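>>> with the input below, show me the fold.
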Amino acid sequence: MHRLLTILLLCALGNAQTPPPAPTSAPAQPATNLNDSDNARKARTVLDTAVQSLGGEPYLTYENRKEEGRYYPLYHGRTNSTGIPYNYYLEYPDRDRFEVIHTKDIFLIEGQVGNVKVKNKFDIVQIFNGDKGYETTYKGTAAVEPLDLENHIRRRQHSLEWLFRKWIRDPNIALFYDGVKVVNGKETEGVTLLNSQNDSVSVFLDQNSHYPIKISYSWRDLKDKQKNVEEEVYDNYKLVQGIWTAHSITRYYNGETSQQRFVNTASYNQKLPDSMFEAEVTYDPKVPLKKR
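Numbers count the residues shown, from 1 in each chain. Model prediction:
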């Protein structure tokens, strides 16, 4: 009897120590594709068509652009200016130079080319290079105000160049086809691009030519928590060195016209020296100049 109990006990202990069979693992799930939908594929097709219409590879690979034209600063949608001659140089991805020339006494609104009375031939030059900004007047060269620099970088990051050469190449960007809308008197197809930081930009493309008609994006002011909307409208496209280039650019801020540029001539891939986008601070505008 004792021997039988011992055998039964050993069998029970053996069964208790036997590990249970490993559970069958669930098949691995494929990574979610942000743009695996008919809507997103339609958005991608519209964007790709726009790139080809603008010039294709020459548009995607140009190194720099130069503009000459007339600039109209506006306040509450109005201007007293007859147009200020300007030169504009843009070197992709993050360098540009804006020159306002031959002016006498002008008032220029936020974020454009400053708010300065000028007195000589080379009136105002603004340079933005990466995360730095400079403004040169007859007084010398000063660092751009932090708020102006922040606004400029925001516009750069939502520009057409960045949209078509950075945003649409990012695998983490979600695309949304917004359908047909009338913008600036033209029937357009809208596409919204949303990045992983919940930042978005919408572009509206002419249904016939497929050129960009407008871009729009919004941001919230950290101080007053108010939402601001910035837009640019493009018109009068002309073929320049194989690239269809807008010769009329109008900027809006919260629904009001804030700036217009009318391009007389444009060119691409010029030999621009690095010195054009470099500057050195020579004075602080917050410190009064000493009288001589």
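
>>> looking at this, residue 52 is in a strand?
No - if the criterion is DSSP: H, G, I helix; E, B strand; the rest coil, then residue 52 is helix and not within a strand.

>>> just give the nearest non-adjacent residue to it, would you?
Excluding the flanking residues, the one nearest residue 52 by CB to CB, 6 or more residues apart in numbering is residue 210, at 7.8 Å. The C-beta positions use only the backbone N, C-alpha and C, and glycine is treated the same way.

>>> wait, that neighbour touches residue 45, no?
No - taking contacts as CB atoms under 8 Å, residue 210 lies outside contact range of residue 45: 10.7 Å.

>>> mind listing the helices in the stretch 51-200 of the chain by residue range?
With DSSP state H, counting those that start in this stretch as the definition, the stretch 51-200 of the chain shows helices at residue ranges 57-61, 146-157, 160-165.

>>> and the average pLDDT for the first one is what?
Spelled out, it's helix 57-61. Averaged over helix 57-61, pLDDT sits at 97.

>>> and the angle for the strand or helix carrying residue 249 with helix 146-157?
Residue 249 is located in strand 243-253, with elements delineated by DSSP states H and E. Inter-element angle recorded for strand 243-253 and helix 146-157: 140 degrees (by axes from the mean of the first three to the mean of the last three CA atoms, to 10 degrees).

>>> elements contacting strand 243-253?
For strand 243-253, the elements it packs on are helix 38-54, helix 57-61, strand 227-240, strand 256-268, judged by 3 or more CB pairs under 8 Å, 6 or more residues apart in numbering; DSSP states H and E.

>>> swap in 6 Å and give it another go.
Here strand 243-253 is seen to pack against strand 227-240, strand 256-268 when contacts are counted using 3 or more CB pairs under 6 Å, 6 or more residues apart in numbering; DSSP states H and E.

>>> one step back: next, the residue nearest to residue 52: secondary structure please.
At residue 210, secondary structure determined by three-state DSSP is coil.
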